[in-house]
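# after the sequence you'll find the predicted model.
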Amino acid sequence: MNWMKSRTPEERKAIAAKSVATRKKNTEERNAIELQKMELRDVLLCEVRRLQDKLASLERHELVNKVSMSLSNKALLTEEDIIKGSAPWATASGVYFLINDDKIIYVGQSTNVYGRITSHHDKAFNSFAFIPCDPKALDSLESLYIHIFRPPLNGDYVHGAKRAPISLQKLIGERNA
């Protein structure tokens, strides 16, 4: 005998409703699990793409480093290394030295050293150096270096000394006062 036939219509209705609810709940759980799988798959695909991009970047960096090593016997710096070693643009104020064949040939000053050095196309130099300096001290520091090094392109001698913004006597007098 069929156990369902022995039930009352209300019991059969309740059993059918419970069955429908159970199927609905099971379907929702399966859909939720499938959605979680899809989300996890998307996350993993994004991670795979990120790692592939990183690998491609590292391969490019390795290739470029090989070229750099062949050109200069040095590896290229990373962006992080360059940024760590950078100086604020404000430090471009200073006293600069034009150098030719390991000899200082000119001492100058500027609040924009890099821009000023490019204007010296009339002087024969193959390298430069500069000392960052507060703009208020430029005249004094430049004068000291001109008096010490007596670079050949810094103007004529005046009373036995190279022309500088501040005389040596005045510089010495300022410091001893």
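Received, thanks.

# CA only for contacts and neighbour counts going forward, please
Noted.

# tell me where this protein has helices.
Along the chain, the segments classed as helices by DSSP state H run 9-72, 79-84, 113-118, 138-149, 168-176.

# residues contacting the most centrally placed residue in the chain?
In the chain, the centroid-proximal residue (Cα atoms, centre = their mean) is I83; its distance is 3.5 Å. For I83, no contacting residues are found, by Cα atoms under 8 Å, 6 or more residues apart in numbering.

# just the pLDDT for M1.
On pLDDT, M1 comes in at 55.

# now V107. Nearest residue, chain neighbours left out?
Once flanking residues are discounted, V107 sits nearest to F97: 4.7 Å by Cα to Cα, 6 or more residues apart in numbering.

# who does that neighbour bridge with?
Beta bridges link F97 to V107, A129 when assigned by DSSP bridges.

# could you verify my assumption that it touches I105?
Yes. If you go by Cα atoms under 8 Å, F97 and I105 touch, sitting 7.5 Å apart.

# settle it for me: which of those two has more neighbours?
Between F97 and I105, F97 has the larger neighbour count (other Cα atoms under 10 Å), namely 23 against 20.

# any idea how the protein splits into domains?
With automatic domain parsing as the criterion, the domains of the chain are listed as 8-86, 87-176.

# pick the most deeply packed of those domains.
domain 87-176 (a mean of 16; mean count of other Cα atoms under 10 Å).
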